[in-house]
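>>> Below are the sequence and a predicted model; questions follow.
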Amino acid sequence: MLTRTGIAILLAATIAANASAQNAVAGAGAPTWGSSTRLVQELKIGQLEGAEQYTFGSVDGIAVGLDGAMFVYDGKVPIIRMYDATGKFVRNVGRAGEGPGEYRDVLGIETMADGRIAIWDPRNNRITLFDGKGEY
């Protein structure tokens, strides 16, 4: 079973791999996990064209909730989108602005031990907290 960190890393790796499918990375020496290890896509969020909740301009942060929900910050819009553990869009979290539950820039997004999602918003000079369902 993947941990929250493992899911976030896999999601980030999949996004990076899809964005640069023609580029290859090779290291010197034997593979760390053996020669029979391979990356298997378990979940895909995003597409080149289609509904706006599944297209991204710039994925600048990912956090995975305790229930497997994923919070993805798209810095191009800017918006935090919430997806359930299967990758289905649930809702937008917060919005651009300076008021309660709003953000101007997100330079960090993290799941706290109690399940809340913390975002670091240096342009508003604060850390904003949302619950695991994306409510301010």
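Nice, I can see it.
>>> give me the low-pLDDT residue ranges for the chain?
Judged by pLDDT under 70, the chain has its weakly predicted residues at 1-27.
>>> please redo it, this time with the cut-off set to 90
1-49 (pLDDT under 90).
>>> if I look at the most centrally placed residue in the chain, how far off is residue 117?
Residue closest to the average C-alpha location in the chain (CA atoms, centre = their mean): residue 62, at 2.3 Å. Distance from residue 62 to residue 117, counting by CB to CB, to the nearest Å: 11 Å. Heads up, the C-betas are built off the backbone N, CA and C, glycines and all.
>>> intersection of neighbour lists for those two?
71, 109 (CB atoms under 8 Å, 6 or more residues apart in numbering).
>>> I'd assumed the residue nearest to the centre of the chain was in a strand, is it?
Yes: assessed by DSSP: H, G, I helix; E, B strand; the rest coil, residue 62 belongs to a strand.
>>> was I right about it contacting residue 75?
No: using CB atoms under 8 Å, residue 62 is not in contact with residue 75, being 11.9 Å away.
>>> Same question for residue 118, what's its three-state structure.
Residue 118 is classified as strand under three-state DSSP.
>>> Touching stretch 93-112 from outside, list them.
Stretch 93-112 is contacted from outside by 4, 60-66, 71, 73, 75, 77-82, 117-124, 128-130, 134, 136, using CB under 8 Å, 6+ apart.
>>> can you tell me which of these are in strands?
Judged by DSSP state E, the subset of the contacts of stretch 93-112 located in strands is 60-64, 71, 73, 79-82, 117-121, 128-130.
>>> in the chain, what residue sits furthest out from the centroid?
For the chain, the largest distance from the centre (CA atoms, centre = their mean) belongs to residue 29, which lies 31.5 Å off.
>>> any idea which element that residue lies in?
According to DSSP states H and E, residue 29 maps onto no helix or strand at all.
>>> How about the contacts made by it?
Counting by CB under 8 Å, 6+ apart, residue 29 makes contact with nothing.
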